[in-house]
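>>> With the sequence up front, the predicted model follows.
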Amino acid sequence: MIGEDEELLLIKKELSRKEKVLESLESAQEIFNYEHLVTSALNSLEVESSFFDDAMNELRAHFDSATERFSALEDVDIEEVLNRVEEISGLKRRYGSIDEALAYKEQKKLELQKYENIEVAKSDLQDRYNLLEQLIESLATEISGLREKELTSFTKALNSYLKDLYLRDASLRLQKTEYSLSGCDLLSIKLNDTELSKISTGEFNRLRLAILALKSEFMSKNGGVLMLDEIDANLSGEESMSVAKVLRKLSAHFQIFVISHQPQLTSMGNQHFLVYKDGTISKTKELNLEERVHEIARIISGENISDEAKKFARELLEAHK
């Protein structure tokens, strides 16, 4: 309660001086044994003694009050007082003040009242949960049905791209999985019954390009930007050219940025930018026709550019005008 700490500290102080005060009061009681002598002396002097009587009565009242107060402390357990003082000090350290501790208590009482109604709230929430679960299951089932319906045509279209990219046919299968924002289906893809984890990097990149190209067909009305980093890495010249052709087809609807170190894909672009170092600064430069011939020839034959490399580079560029 508010003020309890001040009251307990006062009791603690009173207990600490109780013995000394009571001993002092007991000694001072002797004064009352001589009260009648003082009154008699004042009367003999013909001095009104009422002032002395009043003083003695006030003194007696003080002594009686003090004796009564300290006697009331006989049943007080000093250990309990000290423990309670420490508890209150702990509350003040934790909450700042007794007022703040009581405010926190009231807040928790209100929260407890809410928890007392939790069974009713829990029942309502369970009903809502059940309804939402049924709705999710219904929508997921509907989505799965639509996916199954489109899977055959999707597989056919994907394999058409894979054929252009010199890859084996892919097999696709929908598997049930945990519910997520995408429904409850997991699309499993294999290349000629080979797990994706076992195919080469080049095969994986071309499969990824085929899926990207197929996805891009459905997005072609919106257009967009594709950024590809060495999509033709680890491919043969023929395979690299197949990748270049697919990207050339997609460029009708998309702005495509490609980083490549292969002459086939490099020659297929509408623009060719060279990235080079100038000191510690990276710079880019758009190449004209002759500069493109020189750069593609360098890709083919290395720093010592041969006439054959230049001839082949020019033929690649002219073939794709």
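Yep, that arrived. Residues are numbered from 1 along each chain as shown.
>>> chain center to the host helix or strand of residue 189: distance?
Per DSSP states H and E: residue 189 is located in strand 183-191. Remark: strand 183-191 is offset 30 Å from the chain centroid, using Cα atoms, centre = their mean, to the nearest Å.
>>> and for the helix or strand following that strand, what are the contacting residues?
Using DSSP H and E, the helix or strand that directly follows strand 183-191 along the chain is strand 194-195. Applying Cβ atoms under 8 Å, 6 or more residues apart in numbering, the contact partners of strand 194-195 are residue 168. Using the backbone N, CA and C atoms, a C-beta is placed for each residue, glycine as well.
>>> if we can go back for a sec, report the mean per-residue pLDDT for the strand holding residue 189.
For strand 183-191, the mean pLDDT works out to 90.
>>> pull the CA atoms of that strand into CSV?
In CSV, the C-alpha atoms belonging to strand 183-191 read as follows (Å, rounded to 0.1, in the frame of the first residue of the first chain):
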residue,chain,number,x,y,z
GLY,A,183,-0.6,-23.6,-52.8
CYS,A,184,0.3,-27.2,-51.9
ASP,A,185,2.2,-28.3,-55.1
LEU,A,186,5.8,-28.9,-55.8
LEU,A,187,6.9,-29.1,-59.4
SER,A,188,9.5,-31.8,-60.0
ILE,A,189,11.6,-31.6,-63.2
LYS,A,190,13.9,-34.2,-64.7
LEU,A,191,15.9,-34.3,-67.9
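>>> quick one: contacts of that strand?
Under Cβ under 8 Å, 6+ apart, the answer for strand 183-191 is 139-140, 143-144, 147, 162, 167-178, 196, 199, 203, 207.
>>> Show the buried residues in these.
Neighbour counting with 16 or more other Cβ atoms under 10 Å marks 140, 162, 167, 168, 170, 199, 203, 207 as buried within the contacts of strand 183-191.
>>> Just the ones of these in strands?
Cross-referencing those against strands under DSSP state E gives residue 170.
>>> among the buried ones among the contacts of strand 183-191, which are in helices?
Filtering the buried ones among the contacts of strand 183-191 for membership in helices, criterion DSSP state H, returns 140, 162, 203, 207.
>>> so which of the residues you listed would you say is closest to residue 217?
The shortest approach to residue 217 among those belongs to residue 162, at 14.4 Å (Cβ to Cβ).
>>> Run through the residues that contact the closest one.
Here residue 162 is in contact with 168, 169, 170, 191, 206, 207, 210 (criterion: Cβ under 8 Å, 6+ apart).
>>> Residue 301 is in contact with residue 307, isn't it?
No - the criterion here is Cβ atoms under 8 Å, and residue 301 misses it with residue 307 at 9.7 Å.
>>> Sketch out the strands for the stretch 201-321 of the chain, chain order is fine.
225-229, 255-259, 273-278, 281-286 (DSSP state E, counting those that start in this stretch).
>>> how long is stretch 161-176 end to end?
By Cα to Cα, to the nearest Å, the extent of stretch 161-176 from end to end equals 27 Å.
>>> do you know how far residue 51 is from residue 57?
Here residue 51 is placed at a distance of 11 Å from residue 57 (Cβ to Cβ, to the nearest Å).
>>> what ranges do the helices span in this structure?
For the chain, applying DSSP H gives helices covering 4-28, 35-44, 50-71, 78-95, 98-116, 118-164, 201-219, 237-250, 263-268, 289-301, 307-319.
>>> Pick the most deeply packed of those helices.
Among the helices of the chain, ranked by average contacts under mean count of other Cβ atoms under 10 Å, first place goes to helix 263-268 (a mean of 23).
>>> by contact count, what packs against that one?
If contacts are counted by 3 or more Cβ pairs under 8 Å, 6 or more residues apart in numbering; DSSP states H and E, helix 263-268 sits against helix 237-250, helix 289-301, helix 307-319.
>>> Give me the contacts around it.
With Cβ under 8 Å, 6+ apart as the criterion, helix 263-268 contacts 231-232, 237, 240-241, 243-245, 247-248, 258, 260, 272, 292, 295-296, 299-300, 312-313, 316-317, 319-320.
>>> send the alpha carbons of that helix over as CSV?
What follows is helix 263-268 as a C-alpha-only set of coordinates in CSV (Å, rounded to 0.1, in the frame of the first residue of the first chain):
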residue,chain,number,x,y,z
PRO,A,263,31.9,-15.5,-79.8
GLN,A,264,28.5,-16.9,-80.8
LEU,A,265,26.4,-15.1,-78.3
THR,A,266,28.6,-11.9,-78.5
SER,A,267,28.0,-11.7,-82.3
MET,A,268,24.3,-12.1,-82.0
